[in-house]
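In: have a look at this fold, sequence not included:
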């Protein structure tokens with residue numbers, strides 16, 4: 001998306017806000033370069049239980065017994081260098 005914004009003659013991060021999901025290393029590099037505004041890292045195992053609950057509700061109207069809150073973290077350019085260093089040690 002950042003490349004497409006540039007090819008359109010616009011400035012990513014300024015003309016169009018840019019971000020990502022899952023905190024991959026490339027987005028931290030883009031934040032360091034001033035081409036991205038944010039990334040959100042979500043709990044990786046939240047989709048399965050959410051879809052299970054959705055299927056039950058669709059099938060017979062069963063509501064989940066409880067609401068499970070998952071951790072999501074917002075990363076901004078001011079911590080991008082630090083977060084990128086952490087990712088380097090995680091095998092990315």
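Out: Here it is on my side, so go on. As the structure is a prediction and not an experimental result, all values here were calculated from the model.

In: burial count for residue 75?
Out: Residues near residue 75, counting by other CB atoms under 10 Å, number 21. In short, each C-beta sits where N, CA and C put it, glycine included.

In: nearest spatial neighbour of it, chain-adjacent residues omitted?
Out: Nearest residue to residue 75, sequence neighbours excluded (CB to CB, 6 or more residues apart in numbering): residue 39, at 4.7 Å.

In: can you pull out the strands in this protein?
Out: 19-21, 38-42, 72-75 (DSSP state E).

In: which other helices and strands contact the first one?
Out: Under the contact definition 3 or more CB pairs under 8 Å, 6 or more residues apart in numbering; DSSP states H and E, strand 19-21 sits against strand 38-42.

In: give me the helices and strands touching the strand it packs on, please.
Out: Counting by 3+ CB pairs under 8 Å, 6+ apart, strand 38-42 packs on strand 19-21, helix 25-32, strand 72-75.

In: export the ones you listed to JSON lines and tack on distance to residue 11?
Out: Below are those laid out as JSON lines (distance: least, CB to CB, whole Å):
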{"stretch": "strand 19-21", "distance to residue 11": "15"}
{"stretch": "helix 25-32", "distance to residue 11": "13"}
{"stretch": "strand 72-75", "distance to residue 11": "21"}
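
In: right, so these: which one is the most enclosed?
Out: Highest mean neighbour count among the helices and strands packed on strand 38-42 (mean count of other CB atoms under 10 Å): helix 25-32, with a mean of 20.

In: noted, bye for now.
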